[in-house]
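Peer 1: With the sequence up front, the predicted model follows.
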Amino acid sequence: MKPAETPALSPAPGEGSAHRAPPGGQDAPAATPRWPLALGLTALMLVHHFGLWAWTAFRRGFPFLEAIDRWDSHLYTRIITEGYDPALRAFLPLYPATVSLLRTLLGGALPPQVIGSALSSLCLLAFAAWVSWRGARQGAASPLEPRTVWAWFFFLYSPASFALHSHHTEGLFLLLSLGALASAWDRHVWRAAAFAALCVWTRNQGIFVAITAALLVARTPGLWPGRLARFATVGGVALASFGGFLLFQARSAGDPLAHLHAQQNWHHVDSLWGAIRGLWFGNEWHQPGWWLGLRNLFGAVWLAGAVALSRRSLPLALYGLLALLVMLPQGDLGNAFRFGAVMFPVLFRVGDWLAERPAWLRWPVALLALWLNHKVTHAFSIGSWAY
């Protein structure tokens, strides 16, 4: 049996054109899946998740609107309807502000979770279309596009992919981060800077996107002054955006670091040893269980994918590693499912690797991923910890 029984689907004649990969990449020629397949898989996942939530709400006797308004979704709803309080400052403002604006434009009657889910779903579909378009127009895929159908599957069915289309900030962040990284890869400096600046206002990981985009625009051959100028442009715009965010907090909350101070409401370690000890659930608040163990397993897959990605792009590998390490100060990887959902370059790399494995390994892993995704999505709707 050949190691790769499921090859990538080639673009139809006329869909792709010769395109020279930017210098500095290590891309081998590859055929990426066609856009109808990517959008079809995305739509199938949406039907699965929203159908599961509707069925769960019906079977358990609570409203569907409650099923999609759990955990942080409910906190975003509070921000939109009641405004920020000190504890909610940990949630950055671009996503709730966007939902609030759309709600106002639509007359103010629709619940925030409905508008948020619609916005996030559209962002996810736009992401799938954009990635597919990039793959179709390039003769050699960059690390930002999947080479196989399996890569799309592994991305769409990462454990907490529900966060990409529900009332969470992930869908918007996913699209903006693609804009920053893809623009940087294609050497569109100011476009990359604009997207990176928006990422900074969306999630804390936006800082990592800005760093990665700045490194990507500086990676191309040329004299050092020019490379440093491109790096400084993206980094400077992102830094100015972050400064504007601090000013926004100072004026609205009286504290420029309100988003950091609000995080004292969560568990945090007070030493490097505490961060490391959390990897085997050794901190005093831990109650080890198999759900936490699965998060560590996903974290290990994430780490392996980031390391493998380094062969194609060191900046993108760094992005994956920083986004993984930033969880450790909380004392464990309890948010790994959600934090990893937006790590599309890493997830694409893992999926492409899986496509090259024998069927006896590939299909059991796929079934495990599908089962875990289903369980996590269901857990969110009933108020169990799903991040």
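Peer 2: Arrived safely. None of these values were measured; they are calculated from a predicted model.
Peer 1: Now the residue nearest the centre of the chain: closest residue in space that isn't a chain neighbour?
Peer 2: Geometric centre of the chain, nearest residue: Val342, 1.0 Å, by CA atoms, centre = their mean. Leaving aside its chain neighbours, Val342 sits nearest to Leu174 (5.0 Å; criterion: CB to CB, 6 or more residues apart in numbering). C-beta coordinates here come from the backbone N, C-alpha and C atoms, glycine included.
Peer 1: So which bits of the helix or strand hosting Val365 are buried?
Peer 2: In the assignment (DSSP states H and E), Val365 maps to helix 359-381. Judged by neighbour count using 16 or more other CB atoms under 10 Å, the buried positions of helix 359-381 are 362, 366, 369, 372-374, 376-381.
Peer 1: ok, Leu322 - contacts?
Peer 2: Counting by CB atoms under 8 Å, 6 or more residues apart in numbering, Leu322 makes contact with 205, 208, 211.
Peer 1: What is the neighbour count of the second one?
Peer 2: Going back to what we said before, that points to Phe208. Phe208 is flanked by 20 other residues according to other CB atoms under 10 Å.
Peer 1: Next, the contact list for it, please.
Peer 2: The contact partners of Phe208, by CB under 8 Å, 6+ apart, come to 319, 322-323, 326.
Peer 1: Only whichever of those are buried, select them in ChimeraX.
Peer 2: Burial among the contacts of Phe208 is assessed by 16+ other CB under 10 Å; the matching ChimeraX selection reads:
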select :319,322,323
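Peer 1: Using pLDDT, spot the least trustworthy of the contacts of Phe208.
Peer 2: Lowest in pLDDT among the contacts of Phe208 is Val326, which has 94.
Peer 1: Do a quick rundown of the strands in the stretch 1-150 of the chain.
Peer 2: Remark: no strands are assigned in the stretch 1-150 of the chain by DSSP state E, counting those that start in this stretch.
Peer 1: For Ala341, which phi and psi angles does the backbone take?
Peer 2: Per-residue torsions, Ala341: phi -60, psi -30 (degrees, to the nearest 10).
Peer 1: That one - how many residues pack around it?
Peer 2: Quick note: Ala341 (other CB under 10 Å) scores 24 neighbours.
Peer 1: Repeat that for Ser142.
Peer 2: Ser142 has 24 nearby residues by other CB under 10 Å.
Peer 1: Now do the residue lying closest to it once chain neighbours are set aside against Pro143, distance only.
Peer 2: Ranked by CB to CB, 6+ apart and with sequence neighbours excluded, the top spatial neighbour of Ser142 is Trp185, at 5.5 Å. Distance, Trp185 to Pro143, by CB to CB, to the nearest Å: 8 Å.
Peer 1: buried set for the helix of greatest length in the chain?
Peer 2: The longest helix of the chain (DSSP state H) is helix 224-253. Buried residues in helix 224-253, counting neighbours by 16+ other CB under 10 Å, are found at 230-231, 233-235, 237-239, 241-242, 245, 249, 253.
Peer 1: Out of the contacts of Phe208, which two sit at the greatest distance?
Peer 2: Tyr319 and Val326 (11.0 Å; CB to CB).
Peer 1: quick one, what contacts Leu102?
Peer 2: By CB under 8 Å, 6+ apart, the residues touching Leu102 are 115, 119.
Peer 1: Need the pLDDT of it.
Peer 2: At Leu102, the model reports a pLDDT of 98.
Peer 1: Could you measure from it over to Gly108?
Peer 2: Here the criterion is CB to CB. By it, Leu102 lies 10 Å from Gly108.
Peer 1: cool, and Ile80?
Peer 2: Taking CB to CB, one finds Ile80 at 11 Å from Gly108.
Peer 1: Between the two, point out the one with more neighbours.
Peer 2: Using other CB under 10 Å as the criterion, Ile80 and Gly108 rank with Ile80 on top: 24 against 8.
Peer 1: does that one really touch Pro112, like I thought?
Peer 2: Yes - Ile80 lies in contact with Pro112 (CB atoms under 8 Å); the separation is 4.4 Å.
Peer 1: For the helix or strand bottoming out on mean pLDDT in the chain, what is the distance to the chain centroid?
Peer 2: Counting by mean pLDDT, DSSP states H and E, the chain has its least confident helix or strand at helix 272-277, which shows a mean of 87. Chain-centre distance of helix 272-277: 26 Å, with CA atoms, centre = their mean, to the nearest Å.
Peer 1: elements contacting the helix holding Val365?
Peer 2: Secondary-structure packing of helix 359-381 (3 or more CB pairs under 8 Å, 6 or more residues apart in numbering; DSSP states H and E): helix 35-60, helix 149-156, helix 344-355.
Peer 1: try 6 Å
Peer 2: Contact partners of helix 359-381 among helices and strands, from 3 or more CB pairs under 6 Å, 6 or more residues apart in numbering; DSSP states H and E: helix 35-60.
Peer 1: average model confidence for the helix it packs on?
Peer 2: Averaged across helix 35-60, the pLDDT comes to 95.
Peer 1: Any buried residues in it, and which?
Peer 2: Buried positions in helix 35-60, judged by neighbour count with 16+ other CB under 10 Å: 35, 38, 41-42, 45-46, 48-50, 52-53, 56-57.
Peer 1: Name the nearest of the residues you listed relative to Arg191.
Peer 2: Nearest to Arg191 among these: Trp35, at 21.5 Å, using CB to CB.
Peer 1: any idea how far the closest one is from Met343?
Peer 2: The gap separating Trp35 from Met343 is 22 Å, by CB to CB.
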